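> Structure here, sequence nowhere to be found:
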């Protein structure tokens with residue numbers, strides 16, 4: 001909105017030329033979402049507490065300590081995150097960018113699915129929510145539409161080999177990709193839906209999910225800025241995504257909203273993000289990776305989320321095939337709780353892992 005109104009006036013008012021710089025608008029988006037989260041946080045938490053009464057229902061098969069320590073804590077804190085992101089993005093983003101709109105709509109749509117799931121959990125006081133199959137069908141339908149729109153938005157630079165729109169970029173190799181053809185849409189769907197549910201599984205301890213989400217968002221923001229700049233993409237040998245840099249505004253808003261939410265979600269949490277936040281943020285990361293053609297790098301940067309999801313898959317597969325469990329409890333952060341690790345210890349160590357993985361993922365930009 002600011003970009004649409006003020007950037008065209010740069011010739012008459014030199015100060016407005018700042019709105020032509022993505023870096024300036026990223027900073028504006030980050031600070032705006034942070035302030036919104038700070039200001040509205042207490043009011044929204046009080047409202048959620050009044051509306052929900054008993055708060056988020058705690059799984060009976062979860063760690064025993066959660067039943068005592070976390071009972072009564074309101075959920076749906078993801079509404080605060082989403083509101084901050086939506087307002088900030090609309091104010092600072094270039095609303096004509098198909099990349100920005102696609103990632104934005106995936107995030108809001110996944111947030112709506114998570115909100116309905118949270119609503120059922122709270123209203124019925126049942127941690128199961130609504131049908132997992134229906135949830136996945138909706139997620140895949142939204143993701144398929146988003147990936148299709150993105151394939152139409154890509155504009156290959158002159159001299160680019162055929163198949164850029166449906167290509168999978170390979171890290172460590174300069175401007176090389178595998179053309180997946182018609183299989184790119186289902187692949188992109190797996191990236192988006194997988195990221196959403198991986199973040200959802202990670203959101204099990206106070207502050208555990210939101211910080212790795214911010215770390216991944218900052219990493220993807222840097223990548224988006226570089227792949228959206230022709231000169232930088234040429235120098236690094238990464239795919240050039242014309243217009244892709246606009247996604248950095250959205251990612252900056254996520255970082256600001258995440259910082260504001262962490263203020264209230266830090267141990268002991270005053271509010272949980274719930275599926276409203278975790279599905280939305282995971283969908284945002286997945287759709288961003290598809291938009292900037294760094295799906296494999298997302299698996300490295302977001303390796304903590306991958307680890308959490310794989311731990312659940314391994315646990316379920318092992319129990320069904322052998323009747324034995326690999327971990328004391330899944331996802332893996334509960335395994336360490338069962339081993340006696342204090343919750344803050346698990347959270348901070350997992351944050352460290354997320355930082356290390358992000359640095360490894362970013363290193364692929366230069367190691368080509």
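That came through fine. Source: prediction; values computed, not measured.
> can you pull the contacts of residue 281?
Residues in contact with residue 281 (Cβ atoms under 8 Å, 6 or more residues apart in numbering) are 78, 81, 107, 199, 209, 210, 213, 254, 258, 273. C-beta coordinates here come from the backbone N, C-alpha and C atoms, glycine included.
> which element is it on?
Using DSSP states H and E, residue 281 maps to helix 274-291.
> For the stretch 151-300 of the chain, which segments are assigned as strands?
In the stretch 151-300 of the chain, the strands defined using DSSP state E, counting those that start in this stretch lie at 167-169, 177-179.
> Save the ones you listed as CSV, and put in mean neighbour count and distance to residue 280 too.
CSV is the format used below for these (neighbours: other Cβ atoms under 10 Å; distance: least, Cβ to Cβ, whole Å):
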stretch, mean neighbour count, distance to residue 280
strand 167-169, 20, 25
strand 177-179, 14, 29
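> before we move on, back to that, any chance of a markdown table for the contacts of residue 281, columns distance to residue 26, neighbour count and pLDDT?
Below are the contacts of residue 281 laid out as a markdown table (distance: Cβ to Cβ, whole Å; neighbours: other Cβ atoms under 10 Å; pLDDT from 0 to 100):
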| residue | distance to residue 26 | neighbour count | pLDDT |
| --- | --- | --- | --- |
| 78 | 22 | 27 | 94 |
| 81 | 18 | 30 | 97 |
| 107 | 17 | 29 | 98 |
| 199 | 22 | 31 | 97 |
| 209 | 22 | 31 | 95 |
| 210 | 19 | 27 | 96 |
| 213 | 17 | 30 | 98 |
| 254 | 11 | 31 | 98 |
| 258 | 14 | 29 | 97 |
| 273 | 23 | 31 | 93 |
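> quick check, nearest of the residues you listed to residue 16?
Distance to residue 16 across the contacts of residue 281 (Cβ to Cβ) is lowest for residue 254, with 25.8 Å.
> Spatially nearest residue to that closest one, not counting backbone neighbours?
Nearest residue to residue 254 in three dimensions, chain neighbours excluded: residue 217, at 4.5 Å (Cβ to Cβ, 6 or more residues apart in numbering).
> so what's the one you found up against?
Counting by Cβ under 8 Å, 6+ apart, residue 217 touches 251, 254, 255, 258, 284, 285.
> Residue 231 is nearest to which of the strands of the stretch 151-300 of the chain?
Of those, nearest to residue 231 by Cβ to Cβ is strand 167-169, at 18.4 Å.
> Quickly run through the sheet partners of the closest one, with directions.
When sheet partners are counted by DSSP bridges, strand 167-169 sits next to strand 177-179 (antiparallel).
> returning to that earlier point: what about the contacts of residue 281, which are in helices?
Secondary structure from DSSP state H places 78, 81, 107, 199, 210, 213, 254, 258 of the contacts of residue 281 in helices.
> which of these sit farthest apart?
By the measure Cβ to Cβ, the ones in helices among the contacts of residue 281 have their two most distant members at 107 and 210, which lie 14.7 Å apart.
> My read is that residue 252 contacts residue 24, right?
No. Using Cβ atoms under 8 Å, residue 252 is not in contact with residue 24; the gap is 10.5 Å.
> Neighbour count: those two, which is higher?
Taking neighbours as other Cβ atoms under 10 Å, residue 252 and residue 24 compare with residue 252 leading, 30 against 13.
> Give me the distance between that one and residue 22.
Distance, residue 252 to residue 22, using Cβ to Cβ, to the nearest Å: 9 Å.
> cool, residue 270 as well?
Distance, residue 270 to residue 22, by Cβ to Cβ: 34 Å.
> if you count what's nearby, which of those two comes out ahead?
residue 22 (23 against 18).
> Name the helix or strand for the closest residue to residue 135 other than its chain neighbours, please.
Closest residue to residue 135 apart from its sequence neighbours, by Cβ to Cβ, 6+ apart: residue 113 at 6.1 Å. In this structure, residue 113 sits in helix 98-124 according to DSSP H and E.
> what about that helix, distance to the chain center?
Computed by Cα atoms, centre = their mean, to the nearest Å, the chain-centroid distance of helix 98-124 equals 12 Å.
> tell me which residues in it are buried?
By neighbour count with 16 or more other Cβ atoms under 10 Å, helix 98-124 contains the buried residues 99-119, 121-122.
> which helices and strands sit right next to that helix?
Helices and strands touching helix 98-124, by 3 or more Cβ pairs under 8 Å, 6 or more residues apart in numbering; DSSP states H and E, are helix 78-92, helix 132-153, helix 184-202, helix 247-265, helix 274-291.
> list the buried ones in the second one?
By neighbour count, with 16+ other Cβ under 10 Å as the criterion, the buried positions of helix 132-153 are 135, 138-139, 142-147, 149-151, 153.
> before we move on, back to that, dump the helices and strands packed on helix 98-124 to JSON lines, plus distance to residue 1.
Listed next are the helices and strands packed on helix 98-124 as JSON lines, based on distance: least, Cβ to Cβ, whole Å:
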{"stretch": "helix 78-92", "distance to residue 1": "5"}
{"stretch": "helix 132-153", "distance to residue 1": "21"}
{"stretch": "helix 184-202", "distance to residue 1": "27"}
{"stretch": "helix 247-265", "distance to residue 1": "11"}
{"stretch": "helix 274-291", "distance to residue 1": "20"}
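> Low-confidence bits of the protein, can you list those?
Low-confidence segments of the chain (pLDDT under 70): 53-71, 126-127, 158-159, 161, 368.
> where's the residue of it positioned farthest from its centre relative to residue 6, distance?
Residue farthest from the centre of the chain, counting by Cα atoms, centre = their mean, is residue 12 at 38.9 Å. Distance of residue 12 to residue 6, computed by Cβ to Cβ: 11 Å.
> likewise residue 125?
In this view, residue 125 and residue 6 are 49 Å apart by Cβ to Cβ.
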